[in-house]
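**Q** everything below, folded, please.
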Amino acid sequence: MSRLFLGGAARARERRSGRAAERLRGLTLSPIKDVELQASRLPGVVSLAQGIPSFDTPEPIKRFAAQMMDAGATARYSVSPGLPQLREAIAEALERDGMRYDPEREILVTVGSIEAIAATLLASIDDGDEVLVVSPTYASYLPAIRLAGGVPRWVPLNEDANFDLDPRAIADAVGRRTRALLLCNPNNPTGTVFSREQTLRMLRVAAEHDLLVITDEVYKDFVYGEQAIFSAAMDAAARERVIRVCSFSKAYGMTGWRVGFLHGPAERVADVLTVHDALVTCAPVISQYAALAALEQGDACVAEFKAEFRRRRDHVMERLDALSHALDYQKPNASYFVFPRVKDTVRLARDSRGLAAEILQQARVALVPGIAFGPTGESHLRLCYARPAADVDLAFDRLDAYFAGRPARQVVAVPPATPVIVAPHPLRQRGVALLRRLARTRLARQRPKVVAIAGSHGKTALKRTVSELLARRFRVRANPLSYNTAVGLPLAVLGTELETRRPLHVAAGFARAAWSAYAAGEQLDVMVLELGVRRAGDMRAHLEIVQPDVVVITPVAASYLDDLDAVATLRDEIALLCRDGAARGAAVLLCADDPAWSALAHEIDGAICYAAGELLDGELRIGQTAWSVQRDVVGASGQRALAAAVHVARALGMPHDEIAAFLRGAPPG
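**A** Next comes the predicted model:
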């Protein structure tokens, strides 16, 4: 979009007044498309920004559309709700998924999913009505809400639970003018499949407050692992308040065809149809025929796409594990996005716009800043692995170099980071000392078992797997953050964050920390803590706060090998942790896939070795015990994480049958 056009649009807005101006105020180009626009102006950029599948529309779909065009069937409008035969095919597909909807009155074919969402909002809310939007979520929802006269209100997802829904936060956000809740399941940008349990709780909140629930499920066909999608539309009790939106764009490589559909209760769909007819009359007829062919002939193609996206996801997780000194991530269980959190030790970690701009300029990799997806998206970046596999690898090669301090391009000016208020040095020292004392107080009062993780490769996968297994028996917390800064570890122990941008927020953070240390607070049986190292003496400082009951050491990532001094420091500090733990009787687990840790295991009495090879052909064998494994395990890091998690569970006395149920993928309970 040209600057001339954008400038003309801005001047036109200035001339408007009244409600039209109010609705347009604040609308800007989608931040995702803005990143692509910036990338287009630079040579040699590899883009992992916009979520466009790398696949062409499958041949059977294109052939059928061409046949219908040649037969003269595509030159005229269809009826506004869509071709009857397409709506019937959609109804049949819905029934196979356990949802029964009348093709005549309850299904509407739309111009993609965003038209379906916009038309639903225009038909359902009045000026000034609030629409709850989970954060982080798809950026284009906000302009649709504003164009309908609504007011978007963010509700945070639960990052500690892999960005699952938080029904309590939703209930707390409901106000007098709240009319609807808009969410994306599977979620963009996090790749989360919302759990059945939390979805049902969310629907109870919606019923209590009489909210319309709009669920955007465009990534429903790309779900990986054990957890199947549970749609809000599958709950019969909520049927009258749920509008479900789907698209053919993602599953069938049809983003340019612009066709999707929605379904819901007849009365609501009738209202949406009125708006849809006024906006577009009907979806493009040739695209509707292509959608019909997709439903009738596209299953094999979707399966191929899904398998390839899963391979790319697994590979991306391996590449992210090798960047664990810079990025932490939650495992995406669906879609083709991953949403890593930038560790606090990275410059611009709290300014995702500035960081994404710098990566674009210096590394020539286009990523979307996390803040584009809502306030809790800050300190994250969204990566799309729907691009060709070679592009994904090239992008990660450049990211490896960037985070190792070797940018591919000369440093150029980037937008300045948001100013951070930093206390004078003596005051900061006293603040850090106070936080450390509060953390020691909490540990002394509650005495949870502490599982400490150190190393560099695969820590994220290990932390997630250990906490998921232990949570079946114990009250566990494994913060999504890592703790290789002066205040990181005490904040993790205290279960709080310290927002340094505003003085009042700093004071509130210290108040929460004191409450955690001295009040009853959250009762925990186990804390899973990641102990990072940047310089000599860091581990000794960590051990002044925590004395782990279990120590788990991961391999050292290859990305560190360019700095031999850093490698030597890391190994020395980890050896100190292991020897200190063994001297106090802690269980010490060392990854035998790293030769240095295999050698260290011979020096430490009672040290336990674990390795990726303990999981082979669907069976985990530890000593004389073998378990059947039916979980979604990704790459060597995932194999090591599973083996280590079982060792940790055994060290903490978890029963054999509970471990076996976890490995089988059986639900808790």
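**Q** for Leu543, which residues are in contact?
**A** The contact partners of Leu543, by CB atoms under 8 Å, 6 or more residues apart in numbering, come to Leu576, Leu577, Asp580. Where you see a C-beta, it was placed from the backbone N, CA and C, and this is true even at glycine.
**Q** going by secondary structure, the spatially closest residue to the first one that is not a sequence neighbour is in what exactly?
**A** In other words, Leu576. Nearest residue to Leu576, sequence neighbours excluded (CB to CB, 6 or more residues apart in numbering): Met539, at 5.1 Å. Taking DSSP states H and E as the definition, Met539 sits inside helix 538-543.
**Q** and what of Gly72?
**A** Under the criterion DSSP H and E, no helix or strand holds Gly72.
**Q** if I look at it, how far off is Val109?
**A** In this structure, Gly72 and Val109 are 20 Å apart, going by CB to CB, to the nearest Å.
**Q** phi, psi for Ala366 please.
**A** Main-chain torsions, Ala366, degrees, to the nearest 10: phi -90, psi 120.
**Q** low-confidence ranges, the chain, go.
**A** Low-confidence segments of the chain (pLDDT under 70): 1-30, 226, 407-428, 480-486, 498-507, 509, 517, 520-521, 557-564.
**Q** show me what secondary structure element comes after the helix holding Met539.
**A** strand 550-553.
**Q** Leu355 contacts Leu381, doesn't it?
**A** Yes. Leu355 lies in contact with Leu381 (CB atoms under 8 Å); the separation is 7.0 Å.
**Q** who has more neighbours, those two?
**A** Per other CB atoms under 10 Å, whichever of Leu355 and Leu381 has more neighbours is Leu381, with 27 against 24.
**Q** give me the three-state assignment for that one.
**A** What DSSP: H, G, I helix; E, B strand; the rest coil gives for Leu381 is strand.
**Q** I'd like the numbering to begin with 204 instead of 1 from here.
**A** New numbering, starting at 204: the last item is Leu584.
**Q** any idea what it is bridged to?
**A** Pro572 (DSSP bridges).
**Q** neighbour count for Gly275 and Val312, which is higher?
**A** Comparing Gly275 with Val312 by other CB under 10 Å, the one with more neighbours is Val312, at 27 against 8.
**Q** and the helix or strand harbouring Leu345, how far out from the chain middle?
**A** Using DSSP H and E, Leu345 maps to helix 344-350. Counting by CA atoms, centre = their mean, to the nearest Å, helix 344-350 is centred 22 Å from the centre of its parent chain.
**Q** could I get the buried residue list for that helix?
**A** Under the neighbour-count criterion of 16 or more other CB atoms under 10 Å, helix 344-350 has Tyr344, Leu345, Pro346, Ala347, Ile348, Arg349 buried.
**Q** the second one touches Val336, doesn't it?
**A** Yes. With contact defined as CB under 8 Å, Leu345 and Val336 form a contacting pair (7.1 Å).
**Q** now the buried residues of helix 344-350 as JSON lines including distance to Ser250?
**A** Output for those, formatted as JSON lines (distance: CB to CB, whole Å):
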{"residue": "Tyr344", "distance to Ser250": "22"}
{"residue": "Leu345", "distance to Ser250": "23"}
{"residue": "Pro346", "distance to Ser250": "22"}
{"residue": "Ala347", "distance to Ser250": "24"}
{"residue": "Ile348", "distance to Ser250": "27"}
{"residue": "Arg349", "distance to Ser250": "27"}
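**Q** how much space separates His660 from Cys794?
**A** Separation of His660 from Cys794 (CB to CB): 9 Å.
**Q** before we move on, what about Arg553?
**A** From Arg553 across to Cys794, the span is 32 Å (CB to CB).
**Q** what about those two, which has more around it?
**A** The neighbour comparison of Arg553 against Cys794 (other CB under 10 Å) goes to Cys794, with 25 against 19.
**Q** and that one, what are its bridge partners?
**A** For Cys794, the beta-bridge partners under DSSP bridges are Tyr813.
**Q** what sits against Thr402?
**A** If you count contacts by CB under 8 Å, 6+ apart, Thr402 has them with Leu368, Asn388, Phe433, Ser434, Ala435, Asp438.
**Q** what's the answer for Ala372, then?
**A** With CB under 8 Å, 6+ apart, Ala372 has these contacts: Val358, Pro359, Asn361.
**Q** helices - which of those land there?
**A** For the contacts of Ala372, not one is inside helices, with DSSP state H as the criterion.
**Q** quick one: which of the residues you listed is most hemmed in?
**A** With neighbours set by other CB under 10 Å, the maximum within these is found at Val358, which has 23 neighbours.
**Q** wait, that one sits on Arg371?
**A** No. Judged on CB under 8 Å, Val358 makes no contact with Arg371 at a distance of 10.0 Å.
**Q** just to revisit the earlier point, what's the closest of the buried residues of helix 344-350 to Asp752?
**A** Proximity of the buried residues of helix 344-350 to Asp752 (CB to CB) peaks at Tyr344, which lies at 44.6 Å.
**Q** all good on my end, thank you.
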